[in-house]
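K.L.:
coordinates for the following, if possible.
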Amino acid sequence: MTCPFCKEDIRDGAIKCKHCGSTLSPDTYVNNIVNLTTDEIRAFAGTNAYYYIQAFARFTATGCEKYSVTWNWSCFGFTFVWMLYRKMYAAALITFLVFCIPGVNILLHLGAGMVGNYLYYRHTTAKILEARATHPPHNLVPILQEMGGVNRWVVWATLLLSILLAIAVAVFFSRILATMRQFDGITI
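P.N.:
Numbering: from 1, shown residues only. Prediction:
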């Protein structure tokens, strides 16, 4: 059998991978605090649902909800963009405003990498409970898929903005170099 997370060979029927420590049966996860099921989390998270199911399990492993340090590379590298991608609009706005403070940038990235999964867990839990309270159980999965999931437009907007920014920087520096060459030929 191969671990679906680290792709190492493991014993058939194993519950936990001996290489990466991942739980190999994420379908058994049920959050005992608010009784979130894996189907609800899978419907809400969409992309990478298995990763988030495992990360969420760490926050409720003791039988009560408790923050535990986890690492999210996407949140570390693309904090604001990742939050928009995961539809966490309030957190994205706060992050954007904090990014405007000089000298805080790298600290924010490090902190976001450590707490990103927990913020997403809280967001997911709140949205699933909200959906349960306002919709009948037989219609819950499509509602969760609509409420959750990802904003695919964020990827394309980020790529477009990155290209435009690269062009603007290239034009700016080419003009500076042209101006410096102009002054280089002048002697005083």
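K.L.:
quick one: pLDDT of L177?
P.N.:
pLDDT for L177: 91.
K.L.:
which elements pack onto the helix or strand encompassing it?
P.N.:
Element membership of L177, judged by DSSP states H and E, is helix 152-184. Judged by 3 or more C-beta pairs under 8 Å, 6 or more residues apart in numbering; DSSP states H and E, helix 152-184 is in contact with helix 79-85. Glycine gets a C-beta too; all of them are placed from N, C-alpha and C.
K.L.:
what packs against the helix it packs on?
P.N.:
Applying 3+ C-beta pairs under 8 Å, 6+ apart, one finds that helix 79-85 contacts helix 73-77, helix 89-99, helix 105-134, helix 152-184.
K.L.:
walk me through the domains of this structure.
P.N.:
Annotated domains of the chain cover 1-150, 152-188 [automatic domain parsing].
K.L.:
how long is the first one from one end to the other?
P.N.:
Just to be clear, that refers to domain 1-150. By C-alpha to C-alpha, to the nearest Å, the extent of domain 1-150 from end to end equals 31 Å.
K.L.:
quick one: average confidence on it?
P.N.:
On average, domain 1-150 scores 86.
K.L.:
gap between it and the chain center?
P.N.:
8 Å (C-alpha atoms, centre = their mean, to the nearest Å).
K.L.:
with respect to burial, which of the domains of the chain scores highest?
P.N.:
Most buried of those, by mean neighbour count (mean count of other C-beta atoms under 10 Å): domain 1-150, with a mean of 16.
K.L.:
tell me the SS of the nearest residue to M114 once chain neighbours are set aside?
P.N.:
Leaving aside its sequence neighbours, M114 sits nearest to V69 (C-beta to C-beta, 6 or more residues apart in numbering; 5.4 Å). Secondary structure, DSSP: H, G, I helix; E, B strand; the rest coil: V69 is coil.
K.L.:
if I look at V69, how far off is M83?
P.N.:
19 Å (C-beta to C-beta, to the nearest Å).
K.L.:
could you do S174 as well?
P.N.:
Taking C-beta to C-beta, one finds S174 at 34 Å from M83.
K.L.:
and what of T95?
P.N.:
Here the criterion is C-beta to C-beta. By it, T95 lies 6 Å from M83.
K.L.:
and what of S74?
P.N.:
From S74 over to M83 (counting by C-beta to C-beta), the distance is 10 Å.
K.L.:
would you list the phi and psi of T2?
P.N.:
Dihedral angles of T2 (phi, psi; degrees, to the nearest 10) stand at phi -110, psi 140.
K.L.:
so what's the spatially closest residue to it that is not a sequence neighbour up against?
P.N.:
Nearest non-adjacent residue to T2, counting by C-beta to C-beta, 6+ apart: D9, 6.0 Å away. Contacts of D9 were listed using C-beta atoms under 8 Å, 6 or more residues apart in numbering, and they are 1-3.
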